[in-house]
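Asks: pasting the sequence and the predicted model now:
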Amino acid sequence: MDVTSILERLNPAQQEAVVSDRKHLLVLAGAGSGKTRVLVHRITWKVHVENTAPHSILAVTFTNKASREMRERIDQLLGFSLKGMWVGTFHGLAHRLLKLHWKDAELDENFQILDSDDQLRVIKRIMRSLNLDEQRWPPRQAQWWINAQKDEGVRAAHIQPTDDPFIKTMLNIYFEYELACKRSGVIDFAELLLRSLELWRQNSTLLSHYQQRFKHILVDEFQDTNAVQYAWLRLIAGNVGEITVVGDDDQSIYGWRGAKVENIRNFQLDFEGTHLVRLEQNYRSTSNILRAANAVIQRNSGRLGKKLWTDAGDGEALALYAAHNEHDEAQYVTERIKKWLSEGNRRDEVAILYRSNRISRVLEGALLQADIPFRVYGGQRFYERMEIKNALAYLRLMIDRNYDSAYERVVNFPPRGIGDRTLESIRQKARKQDISLWNASLAMISEGSLSGRACNAVSGFTKLIDSMSEGLNGATLANLAEVAVRKSGLKDFYRREKGEVGLSRVENLEELVSACMNFDPDEEERSELLQFLDQVSLDAGDRRGIEGEDSVQLMTLHSAKGLEFPLVFMVAVEENIFPSKMALDEPGRLEEERRLAYVGITRAKTKLYVSFAENRSMYGVGSGSYNPISRFIRDIPADVIEEVRLRGAISGPTSVGFRGLRSDEGDGTGFNLGQQVCHQVYGEGVILNFEGNGPRARVHVKFEEVGMKILILSSARLSPV
């Protein structure tokens, strides 16, 4: 049998993974090592060489796009289309299963799936029925909590009652939500997997049927599986099925949304006799980029272990730029992009990566000024984000009560009990008398034409705006922005929204204050606030790239996973930003931040620029914050970094900001930055910084129980954990 077409373009490790006859296979696939190719060719090998029936294959991906591409590539290799093979996402396959066995799953035959917005509406309705204040209990927080329980395989009935007010409230909402979904015959996305898992657990005959059918199970991006997904796979594999998983523990970056890196690390224990194949040859990046990535990730403990390499040559050194501030950083990035474009390259070959969404604001402004089209990948431009639009609406009302669109946007946000019926009556009053919504509100309050509760709510809103406007003429623009995000309740509202989304919204509001602090008004009679709002309006939509257009790509490091670009900028690579302050406060999250750095570095194919600002304007800090360069950059070997100067370049790290803060800073002490340690009195903690040298060297340790402590290292009696 001629198998040339299947094997000829595979390296030895890829071939080993494709032809392996071991029952269980773990393919540890480094970034850019051809993992999808291995999956496609292994399925083709099974069908073409081992005569495996397509209907006995179950292939699981994480996106619909990936499943379509996988099927297309398999069909192309085989020369014909496979029938009967199940290929799809976890949710798609679970949906297919439930549609086939809706009665056994205790569902309506034509059950509907709630999308995220529909689910949120149901939760809001339930919260109103429970008389819960949305300002104290944000509906998105409840939505996040319910989905997190389902991702862990936990029903409301499984959770023990508690006196904790938060858990007690969330549990009540969860109970009512389950009942509401059952009455309406609908399920949400998280329910798809949980319900299909329960279907198999509760119906041994049905489970046995699918275990006998799907003898060959293949899973892509295995490091991103959560508890329910892994339980689902283990159940269908049983004692009969062969399972091949492809993934990379070093690219597990979604712990905040339920992914468990321990799934891939425990796979060999859970599936006895698993054969491990490492894909370490990288087909994307230069050797210098890979050396940097390897040096960063090797600091993590508990890794399955691999070392990326390439035969593509050393390539250029990584460029490190120490900017004076965030504006200098943005200007530097823009100038480098202009140089790249002048050499005949495309804009869509460039990506700017950052840890936090807030960082994009100054970069967007610099690109606009340079007339370089850009697109914010997987998100919105800074001034188009919901929380920023809400804050701007408050600012507009503070200076102009008759701005109807701003009034409608925030009259009931954060929620203050002003319903659609009340708002419609105010609209009718405004139309009838040809006045603004604000004046219509005042008139209806004065006339007593609103119900008691509605009148109090609308009156409270008008008094809030009046109070926010006090001292308008004497306040700075930054002071006004601070009033808008604080007194409006926006900041507190978003702070109660759990997870990365809520944190990002709060950070963006803080960045708006920083933007106002750095705004440079024209010398004219109009107020700074009016000039600022006008500038925001002018910037909105200006030179924004659309999908498919030749545009520079701006994105978070999380959004960049799976993508690659010839030219990559990693910006704001500073302590407290990347790694994030939250990660520094939680020792277990620091390793995921390091994996995120590894992902960011390996997005670059040809050239990688890394930058940090010696002084960055941050919310609540007068002249700016002075964060040291990130520990992740200190981990990179000096010989692969070229430190950039505006008047040339100097090889090797020579600046005070970099030289004095290298990762071997703790050498001679037996400890390193980021290391977990134990103190006899304070318990376990993580080392965040070193100061000084010799016997009186000081170490900053964040302890789990008592917080930050600064200790004299020679007498601290710290021990590694």
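Replies: That came through fine.

Asks: drop to CA atoms for contacts and neighbour counts, all remaining ones
Replies: Fine.

Asks: can you name the farthest residue from the center of the protein?
Replies: Ranking residues of the chain by C-alpha distance from their mean position (Cα atoms, centre = their mean) puts Glu447 at the top, at 49.8 Å.

Asks: who's in contact with the most centrally placed residue in the chain?
Replies: Central residue of the chain (Cα atoms, centre = their mean): His558, 4.6 Å from the mean position. Going by Cα atoms under 8 Å, 6 or more residues apart in numbering, His558 touches 253, 355, 596.

Asks: and it, what element?
Replies: helix 557-560 (DSSP states H and E).

Asks: how far off centre is that helix?
Replies: Helix 557-560 sits 7 Å away from the centroid of its parent chain (Cα atoms, centre = their mean, to the nearest Å).

Asks: likewise stretch 3-15?
Replies: 35 Å.

Asks: end to end, how far does that stretch reach?
Replies: This stretch, stretch 3-15, spans 11 Å end to end (Cα to Cα, to the nearest Å).

Asks: equivalent analysis for stretch 195-210, please.
Replies: Start-to-end span of stretch 195-210 (Cα to Cα) is 16 Å.

Asks: buried residues in it?
Replies: Buried residues in stretch 195-210, counted by 16 or more other Cα atoms under 10 Å: 195-197, 199-200, 207.

Asks: ok, now stretch 323-336?
Replies: 323, 325-334.

Asks: for stretch 268-280, same thing?
Replies: 268, 271, 274-275, 277-280.

Asks: pull the most distant pair out of those residues.
Replies: Phe271 and Glu280 (23.1 Å; Cα to Cα).

Asks: quick one on the thing from earlier: among the buried residues of stretch 268-280, which are located in helices?
Replies: Gln268 (DSSP state H).

Asks: in JSON lines, list the buried residues of stretch 268-280 along with pLDDT.
Replies: Listed next are the buried residues of stretch 268-280 as JSON lines, based on pLDDT from 0 to 100:
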{"residue": "Gln268", "pLDDT": "96"}
{"residue": "Phe271", "pLDDT": "97"}
{"residue": "Thr274", "pLDDT": "97"}
{"residue": "His275", "pLDDT": "97"}
{"residue": "Val277", "pLDDT": "98"}
{"residue": "Arg278", "pLDDT": "98"}
{"residue": "Leu279", "pLDDT": "98"}
{"residue": "Glu280", "pLDDT": "98"}
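
Asks: closest to Val677 out of the buried residues of stretch 268-280?
Replies: Minimum distance to Val677 across those is 28.9 Å, recorded for Gln268 (Cα to Cα).

Asks: isn't the closest one right next to Thr274, touching?
Replies: Yes: under the criterion of Cα atoms under 8 Å, Gln268 makes contact with Thr274 at 5.4 Å.

Asks: quick check: neighbours shared by these two?
Replies: Listed as contacting both Gln268 and Thr274 by Cα under 8 Å, 6+ apart are Leu26.

Asks: run through who's touching the helix or strand Gln535 falls within.
Replies: Following DSSP H and E, the helix or strand that holds Gln535 is helix 528-539. For helix 528-539, contacts defined as Cα under 8 Å, 6+ apart pick out 368, 383, 392, 395-396, 399, 477, 516, 519, 521-522.

Asks: next one: stretch 503-521
Replies: Contacts with stretch 503-521, where a contact means Cα under 8 Å, 6+ apart, come from 356-358, 361, 382, 387-388, 391, 477-479, 481-482, 485, 491, 494-495, 497, 528, 531-532, 617-619.

Asks: from the residues you listed, which ones fall inside helices?
Replies: 361, 387-388, 391, 477-479, 481-482, 485, 491, 494-495, 528, 531-532.

Asks: report the two of these separated the most.
Replies: By the measure Cα to Cα, Arg495 and Gln531 form the most distant pair in the ones in helices among the contacts of stretch 503-521, at 29.3 Å.

Asks: quick one on the thing from earlier: so which two of the buried residues of stretch 323-336 are the farthest from each other?
Replies: Taking Cα to Cα as the measure, the buried residues of stretch 323-336 have their most distant pair in Asn325 and Thr334, spaced 14.4 Å apart.

Asks: what is the nearest of the contacts of His558 to Lys23?
Replies: Among the contacts of His558, and counting by Cα to Cα, the member closest to Lys23 is Ile253, at 28.6 Å.

Asks: sorry, back to before: how about the residue farthest from the centre of the chain, phi and psi?
Replies: With angles defined as degrees, to the nearest 10, Glu447 sits at phi -80, psi -20.
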